[in-house]
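>>> can you look at this prediction? I've put the sequence above it.
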Amino acid sequence: MPQFSRLEKSLRPVLFYGNNPTSLIGGALTTASAFVLIGFWVVNTFGRGGSNNPYLGILFDVFLPGLFVLGLILIPIGIWLRHNRLKALGELPSIYPRIGLRDPVFRRGIEMVVAATFINFIILGTASYRSVAYMDSPSFCGQTCHVMAPQWTAYQVSPHSHVACVECHIGSGFDAAVQAKVNGTKQLIEVTFHTYPTPILAPLSVLRPARATCEECHSPTHFVGEKLLVETMYGDDEKNSVTHNILALHLGGVDSLSRQSGIHGHHLDQYEYVATDNTYQTIIAVSKHNPDGSTTQFVSSDWKGPIKGVTRQMDCIDCHDQATHTFQTAEDAIDEAMTVGSPNPALPFVHKQGLALIQAQYASQAEAATKIAAGLNDFYRAQYPAIYAAQRGAVDAAAKSLVAIYQRNVFPEMKVTWGTYTSGMGHSAPGHNPSPGCFRCHDGNHTSKDGKTITNDCSVCHNLLASDEANPKQLSDLGMQQ
Ligand code: HEC
Ligand code: HEC
Ligand code: HEC
Ligand code: HEC
Ligand code: HEC
């Protein structure tokens, strides 16, 4: 009689009863999900290309650990069932078989577990990998969830249409991953119970700082210098008269001799401000850290109370808040569409009529589509029957463009309309920008104790080479007009 260790003695009955399909499947489930989970943790901790997608929490924190536990529960259940069955048959062994690969029953059990673990691992691993790739894709963020329709629509036509949502919204690092998981779960609950806010606003405080997002791709010190902006506008008269603005924008940056100039040369890493609202539109004080270590605080003369509110370090997103989700103003949208020919500027009053139609209130995008088309047709049928008869095609094309403009910018279901999303890019100019933008600080009203004021001199930011001019000479100089 060979001597058995104590351990083997106590293991023998477990392995004997454990050799049943239920326990073996349980064991295989547990080991396979453990392998997938460990693989995911390793990739996420040490590897590149790990994912912080908020919704992956469902897969890696709920589903796979759930399978792991399920497997663990199946093992004793199988043991218990087999024990009871053998007991009922009166077939309980008086001595349990040896543990060893030479024992054919034991070997078959081991082979089954190894084979099932392997198959489970392939299935779970492939499924998890595919879910990660799917949940990280912009179409998951933008389309699965209908409440994202406004942002998804704007995103597709933006310069970032090939940058994944998670690049800007989640950033990298452990704290970002944890925060994203918390937010993701909260959002899934809000969508399930329809308690999400309309319109959805992103207070800048919940976005990742630009350093972890924008600056991963764009250098903050890139020198741009002057940037020429040419704007074409159409009038509300019968002829839709054309005028132009031409601006030389002093964008500047940091040049090769480290000199800072213009718009990009200032602001970054130097300024902190205090706002009284969550969307950072009312700024009461700005602190500027000077190179000599001192700080200059500019305070709005409209503000009499204590300097209290939300504080933020200024970065790219304070100006580029619409870097990806660019919502146009109705005027800019129709002007831009007319410069490329539709609505056709030859149609009388098409600017005035078109603007009125896209600015009217509709209950849904579908209703807008019908009413905008009907409205434009009615106008030409009643006021310009000859043109209506001769240029039916142009009227239909104009209606189509107007509907497209509306559906690109207005989402009644999400309470997103013209001007819902503010823009930090320019400043309140009638018809162009409803938000104060730069003038939140550059209003000539933010002054320091020693009497300095944040400038509102037009020429510090741009030279207005032409303003509302029909035929500016500069356009022909630039070869942009005969
Ligand atoms: C290049 C960076 C970038 C990418 C890519 C990006 N976003 Fe954004 N997103 C932003 C910024 C910046 C804001 C903040 C805008 C503001 O404060 O007004 C924002 C705001 C939002 C908001 C809040 C509503 C709003 O406009 O303020 C939602 C919702 C949103 N994004 C969804 C998405 C979805 C869905 C995708 C992918 C289809 C995506 N984002 C891709 C930068 C990005
Ligand atoms: C993953 C890389 C990536 C990230 C992150 C990113 N961008 Fe971009 N950005 C690009 C690319 C690529 C383009 C397109 C360049 C082109 O088409 O010429 C672009 C274009 C732009 C443009 C337009 C340039 C032009 O010529 O009109 C602006 C403005 C901009 N990005 C600002 C931002 C801001 C602000 C953020 C942070 C909220 C950001 N980007 C985040 C890659 C990125
Ligand atoms: C004080 C406001 C402000 C800040 C802060 C700011 N920008 Fe800009 N940026 C502008 C303006 C204004 C333009 C020109 C807009 C236009 O072309 O209509 C611009 C243009 C750009 C462009 C296009 C340049 C080109 O060659 O046409 C890129 C890219 C860009 N910014 C990236 C960034 C990044 C990245 C940051 C943060 C590191 C940043 N910006 C910070 C105001 C700002
Ligand atoms: C949060 C407040 C804030 C916002 C918003 C802001 N700025 Fe500034 N900006 C400042 C401060 C503060 C200074 C430094 C003033 C000083 O030193 O006298 C400054 C300086 C500048 C300068 C350099 C002025 C000089 O005398 O050389 C330019 C150009 C400029 N800003 C352009 C812009 C543009 C364009 C925008 C909007 C796209 C903008 N700023 C938005 C706070 C702001
Ligand atoms: C703090 C900087 C700053 C100051 C000061 C400033 N502007 Fe601007 N302005 C801008 C920027 C940035 C844009 C361009 C926005 C864009 O990219 O379309 C702009 C655009 C414009 C436009 C074109 C319309 C539009 O919104 O696109 C006009 C007109 C204009 N400014 C007039 C003025 C006049 C007049 C003054 C002086 C009373 C002035 N601005 C002062 C930064 C400034």
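Happy to help now that I have it. Ligands and ions are numbered 1, 2, ... in the order given.
>>> use CA for all of it now, contacts and neighbours both
Noted.
>>> give the contact list for the residue of the stretch 1-150 of the chain found nearest ligand 3.
The nearest approach of the stretch 1-150 of the chain to ligand 3 comes at P138, 21.0 Å away (Cα to the nearest ligand atom). By Cα atoms under 8 Å, 6 or more residues apart in numbering, the residues touching P138 are A164, C165, V166.
>>> now the last one: how far from A212?
If I follow you right, that is V166. Noted for V166: a distance of 12 Å to A212, by Cα to Cα, to the nearest Å.
>>> now the residue of the stretch 301-450 of the chain found nearest ligand 5. Nearest residue, chain neighbours left out?
Ligand 5 sits closest to G426 of the stretch 301-450 of the chain, with a gap of 3.8 Å, by Cα to the nearest ligand atom. Sequence neighbours aside, G437 is the residue nearest to G426 in space, at 5.4 Å (criterion: Cα to Cα, 6 or more residues apart in numbering).
>>> correct me, but that neighbour touches G424?
Yes - with contact defined as Cα atoms under 8 Å, G437 and G424 form a contacting pair (3.9 Å).
>>> between the two, what contacts are shared?
C319.
>>> how many other residues sit next to A397?
Neighbours of A397 under the rule other Cα atoms under 10 Å: 16.
>>> over to D318?
D318: 20 surrounding residues under other Cα under 10 Å.
>>> quick one: it is in a helix?
Yes - the assignment for D318 is a helix, going by DSSP: H, G, I helix; E, B strand; the rest coil.
>>> ok, it - contacts?
Shown in contact with D318 (Cα under 8 Å, 6+ apart): G424.
>>> circling back to that earlier point, more crowded one of V166 and A212?
Neighbour count, other Cα under 10 Å: between V166 and A212, V166 has more, with 20 against 17.
>>> what kind of secondary structure is the more buried one in?
Assigned state for V166: helix (three-state reduction, three-state DSSP).
>>> coming back round to it: any chance of the contacts of P138 in TSV with pLDDT and distance to ligand 3 as columns?
Output for the contacts of P138, formatted as TSV (pLDDT from 0 to 100; distance: Cα to the nearest ligand atom, whole Å):
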residue	pLDDT	distance to ligand 3
A164	82	16
C165	80	16
V166	77	17
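>>> ok, back up a step: does the residue of the stretch 301-450 of the chain closest to ligand 5 really touch C438, like I thought?
Yes - G426 lies in contact with C438 (Cα under 8 Å); the separation is 5.8 Å.
>>> in the chain, where's the longest helix?
Using DSSP state H to define each element, the chain has its longest helix at helix 104-136.
>>> find the closest residue to ligand 1 in the stretch 101-250 of the chain.
Closest to ligand 1 within the stretch 101-250 of the chain is C165: 3.5 Å, counting by Cα to the nearest ligand atom.
>>> so where do the helices sit in the stretch 151-300 of the chain?
Remark: helices assigned in the stretch 151-300 of the chain by DSSP state H, counting those that start in this stretch are 165-169, 174-192, 214-217, 262-265.
>>> out of those helices, which gets the lowest mean score?
With a mean of 67, helix 174-192 has the lowest mean pLDDT of the helices of the stretch 151-300 of the chain.
>>> contact residues of the stretch 301-450 of the chain facing ligand 2?
Contact residues, the stretch 301-450 of the chain versus ligand 2 (Cα under 6 Å from any ligand atom): C316, I317, H320, A323.
>>> dump the residues you listed to CSV, plus neighbour count, pLDDT and distance to M480.
Shown next, in CSV, are these (neighbours: other Cα atoms under 10 Å; pLDDT from 0 to 100; distance: Cα to Cα, whole Å):
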residue, neighbour count, pLDDT, distance to M480
C316, 19, 92, 32
I317, 17, 90, 33
H320, 16, 93, 28
A323, 18, 88, 27
